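Q: requesting a structural model of the entry that follows:
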Amino acid sequence: MNEMTLPRGPVTSPSRPDAVAALPEPAPTAPLRAETPRTQAGARLILALGIFLFGLWTIHEFLPALAWAAILAIAAWPLFARAERRWPPGRHNIVLPALFTAGVGLVFLVPLALAGIQLAREAHVMIGMAEDARLHGIAVPDWLGRIPGAGTAAAAWWSENLAQPSGSTALIERLNRGSLVGYTRTLGGQLVHRSVIFGFTLLTLFFLFRDGRALMDQMRSAGQRAFGPHGERIARQMIASVHGTVDGLVLVGLGEGFLIGISYWIAGVPHPTLFGAATAIAAMIPFGAPIVFGVAALLVLAAGKVGAAIGIVLFGFVVTFVADHFVRPVLIGGATKLPFIWVLLGILGGVETWGLLGLFLGPALLAALVLLWRDWSGTSIETAPPRPETV
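A: From the prediction side, this is the model:
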C-alpha cells in the first residue's frame with residue numbers, strides 16, 4: 001500500500017474551490033490549580049491583619065485620645081441615653097452630642113482654670129518672697145528647733161546659711177540656673193501635647209455620642225460573626241467594669257476629697273480648696289490620698305498646730321479606710337464580678353503600664369480574662385460548686 005501523503009499548500013473545499021479549510025484548534029493547555037477556600041481565607045486574614053497593624057501604627061500617637069473618648073462615652077452614655085429619650089434627635093443629630101461633649105470638657109477645664117488662676121496668684125506671692133529672701137534672708141522657722149534630735153543642729157545651720165542674705169541669694173541663684181529653664185521647656189512641651197490630645201478626645205467623643213448607636217450595632221454584629229454569643233458577653237462585662245470603676249474610683253475619690261477638704265478648712269490649711277481637689281484626684285488611685293493629706297498635715301505642723309495636724313492625719317486615714325475597704329469593693333466588685341484583690345491588681349497594674357488610662361483599662365481587662373476563664377472552666381459565680389465543709 002502506498003504511503004498516503006498530505007497535500008501541500010492551502011486546502012480547498014470540493015464544493016467551494018476558493019474556500020480555505022479552517023485549521024484545527026490547538027490542544028487546550030492544563031488549567032491553573034484552583035486555590036482552596038482555606039488558602040484564600042488565610043490570605044485574607046494576613047492581609048486584614050497587616051492593614052490593621054499599619055493602621056494602628058499610623059494613628060498610634062492618637063490612641064490615648066481614642067481610648068479616653070471611649071471611656072468617657074461609656075461613663076456618660078446612661079445619662080446621654082436618658083436625655084436622648086427625653087429630647088429625641090431630629091434630622092440633624094448634633095445639638096445633644098455637642099452639649100454633652102461641651103459638658104464633659106467643662107468638667108475638666110473649669111477645675112484646671114481655677115487651679116491655674118490660683119497658681120498665678122501664688123507665683124506672684126512666691127516672687128515677692130524670693131525678693132524679700134534675697135534682701136533680708138529667710139528667717140528660721142519656730143518649729144525647726146523643736147524637732148527632737150536634730151532640731152537644734154538644723155536651726156543652727158539655717159541661721160548660718162539661709163538666714164543671711166548672702167546664703168539665701170546663693171540658693172536662689174542656684175535655683176534660677178539652666179535646670180529650671182529646662183524644666184520649664186519640658187513642662188511647656190508636655191502642656192501643648194496634652195492639650196492636643198485633649199482636643200482630639202473631645203472631637204472623638206462628639207462623634208461617639210452622635211453615632212454611638214450605629215457603632216454599637218456594628219460592633220455587636222462583628223462580635224457575633226467573630227466570637228458568637230461569647231463576644232457580646234465579654235463586651236458587656238468590660239463595659240460594666242468601666243461603669244463600676246468610674247463609680248468606685250471617680251465618685252468615691254470626689255467624696256473623699258470633699259470630706260477631707262472640710263478637715264483642711266477647719267484645721268486652717270492654706271488654700272483648702274486646692275488641697276481638697278488634689279486629694280480628690282489622688283484618692284482615685286489607691287493609697288494616693290495619704291500623700292496629699294500628709295503634706296497638708298506637715299504644713300499645719302510647720303505653723304505650730306500640732307493637734308490640728310494629728311486630726312487631719314487621723315480623719316484622713318479613717319475616710320480612706322472606709323472608702324477603700326467598704327465602699328469601693330461594693331461598687332467596683334459588684335459591677336465587675338471580681339474579688340477586690342483582682343480589682344486592686346488591675347488598677348495598680350494598669351496605672352503602672354498605661355498611666356491614668358490604666359485606672360479603667362486594668363479592671364476591664366481583668367474582668368474579661370476572668371469571664372473567659374469561667375467560660376472555659378465551666379464555672380460561674382452562680383454555678384460555682386460549694387466549698388467543702390471543714391470539720
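Q: how about the helices in the protein?
A: Under the criterion DSSP state H, helices of the chain are mapped to 37-58, 63-86, 95-136, 151-160, 165-175, 178-227, 229-245, 252-267, 272-283, 289-302, 306-322, 328-336, 340-354, 358-377.
Q: so can I have a markdown table of these showing mean pLDDT?
A: Below are the helices of the chain laid out as a markdown table (pLDDT from 0 to 100):
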| stretch | mean pLDDT |
| --- | --- |
| helix 37-58 | 85 |
| helix 63-86 | 89 |
| helix 95-136 | 78 |
| helix 151-160 | 72 |
| helix 165-175 | 59 |
| helix 178-227 | 80 |
| helix 229-245 | 80 |
| helix 252-267 | 91 |
| helix 272-283 | 87 |
| helix 289-302 | 88 |
| helix 306-322 | 91 |
| helix 328-336 | 74 |
| helix 340-354 | 82 |
| helix 358-377 | 82 |
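Q: with mean neighbour count as extra columns, can I get these in TSV?
A: No exception for glycine: its C-beta is placed from N, CA and C like everyone else's. TSV is the format used below for the helices of the chain (neighbours: other Cβ atoms under 10 Å):
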stretch	mean neighbour count
helix 37-58	10
helix 63-86	17
helix 95-136	13
helix 151-160	14
helix 165-175	14
helix 178-227	13
helix 229-245	19
helix 252-267	20
helix 272-283	22
helix 289-302	19
helix 306-322	17
helix 328-336	20
helix 340-354	18
helix 358-377	19
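Q: could you chop the chain up by domain?
A: Domain assignment for the chain by automatic domain parsing gives 61-227, 229-376.
Q: quick one: residue 217 from residue 77, how far?
A: As judged by Cβ to Cβ, to the nearest Å, residue 217 and residue 77 stand 14 Å apart.
Q: just put the domains of the chain in JSON lines and tack on distance to residue 38.
A: Shown next, in JSON lines, are the domains of the chain (distance: least, Cβ to Cβ, whole Å):
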{"stretch": "domain 61-227", "distance to residue 38": "18"}
{"stretch": "domain 229-376", "distance to residue 38": "23"}
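Q: with respect to residue 51, which of the ones you listed lies nearest?
A: For residue 51, the closest of the domains of the chain is domain 61-227, at 15.5 Å, according to Cβ to Cβ.
Q: the closest one spans what distance, first to last residue?
A: End-to-end span of domain 61-227 (Cα to Cα, to the nearest Å): 29 Å.
Q: and the gap between the residue nearest to residue 308 when sequence neighbours are not counted and residue 261?
A: Leaving out its chain neighbours, the residue that sits closest to residue 308 by Cβ to Cβ, 6 or more residues apart in numbering is residue 267, at 3.9 Å. The span separating residue 267 from residue 261 equals 11 Å under the rule Cβ to Cβ.
Q: now the phi/psi pair for residue 59, please.
A: phi -110, psi 20 (degrees, to the nearest 10).
Q: just to revisit the earlier point, how close does the residue nearest to residue 308 sit to residue 99?
A: 40 Å.
Q: follow-up on the earlier one: so who does the residue nearest to residue 308 touch?
A: 296, 300, 305, 308, 309, 311, 312 (Cβ atoms under 8 Å, 6 or more residues apart in numbering).
Q: go again with 7 Å.
A: Counting by Cβ atoms under 7 Å, 6 or more residues apart in numbering, residue 267 touches 300, 305, 308, 311, 312.
Q: next: residue 236.
A: Contact criterion Cβ under 7 Å, 6+ apart gives no residues in contact with residue 236.
Q: do you know how far it is from residue 357?
A: Where residue 357 is concerned, residue 236 sits at a distance of 21 Å (Cβ to Cβ).
Q: repeat that for residue 271.
A: 29 Å.
Q: likewise residue 230?
A: On the measure of Cβ to Cβ, residue 230 and residue 357 end up 26 Å apart.
Q: please save the CA atoms from stretch 70-88 in CSV.
A: Below are the C-alpha coordinates for stretch 70-88, written out as CSV (Å, rounded to 0.1, in the frame of the first residue of the first chain):
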residue,chain,number,x,y,z
ALA,A,70,-14.4,55.6,74.6
ILE,A,71,-14.1,55.5,78.4
LEU,A,72,-15.8,58.9,78.7
ALA,A,73,-18.6,57.9,76.3
ILE,A,74,-19.2,54.6,78.2
ALA,A,75,-19.3,56.5,81.5
ALA,A,76,-21.7,59.2,80.3
TRP,A,77,-23.8,57.0,78.0
PRO,A,78,-26.6,56.2,80.5
LEU,A,79,-27.2,59.9,81.1
PHE,A,80,-26.9,60.7,77.4
ALA,A,81,-29.4,57.9,76.5
ARG,A,82,-31.9,59.3,79.1
ALA,A,83,-31.6,62.8,77.6
GLU,A,84,-32.0,61.4,74.1
ARG,A,85,-35.2,59.7,75.1
ARG,A,86,-36.4,63.0,76.7
TRP,A,87,-35.4,65.0,73.6
PRO,A,88,-35.4,62.7,70.6
